[in-house]
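Engineer: compute the structure for the input listed below.
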Amino acid sequence: MDLKKPYSINEQIKKLEEHGVVVDDVELTRNVLQQISYYRLSGYMLQHRINPHSGKLTPGIKFTDIYKIYQFDEELRCLLRYFIEKAEFYYKNLIGNEFAIGRTGRVGIRRALHHNAGRIPH
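Structural biologist: Okay, here's the model as predicted:
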């Protein structure tokens, strides 16, 4: 496995500029790169490539624009995780209760799932 070469923050900024990224706020760029790193952010630059085989990006793309895409993705992942967890706990509880009740003649799991579809409490 090839390990990627580690770059200092200044080298990461230089690398961004070599790819055509406009570093419009150097202090923000430094802070973001210290927290997230160049390699993590590079995936958010792919959609701005001139062509799939080039490292050059669409002229004029700003670092702050790339960072906004990253922030949106991060917020979306958090929201999805929150609601997926709610649904997971809800259905685990429903299934667990069905197993605990056993075959006592109460509402079956299929009927309960069908009846409660879309009713995940907030």
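
Engineer: tell me the gap between the helix ranked longest in the chain and the middle of its chain.
Structural biologist: If each helix of the chain is counted by residues according to DSSP state H, the longest one is helix 63-101. Computed by Cα atoms, centre = their mean, to the nearest Å, the chain-centroid distance of helix 63-101 equals 11 Å.

Engineer: what's it packed up against?
Structural biologist: Based on contacts counted as 3 or more Cβ pairs under 8 Å, 6 or more residues apart in numbering; DSSP states H and E, the elements that helix 63-101 packs against are helix 26-35, helix 38-42, helix 109-116. Heads up, the C-betas are built off the backbone N, CA and C, glycines and all.

Engineer: any idea which of these scores lowest on pLDDT?
Structural biologist: When the helices and strands packed on helix 63-101 are compared by mean pLDDT, helix 109-116 comes last with a mean of 60.

Engineer: in the longest helix of the chain, what counts as buried?
Structural biologist: Residues of helix 63-101 classed as buried: 63, 66-67, 70, 98 (neighbour count, 16 or more other Cβ atoms under 10 Å).
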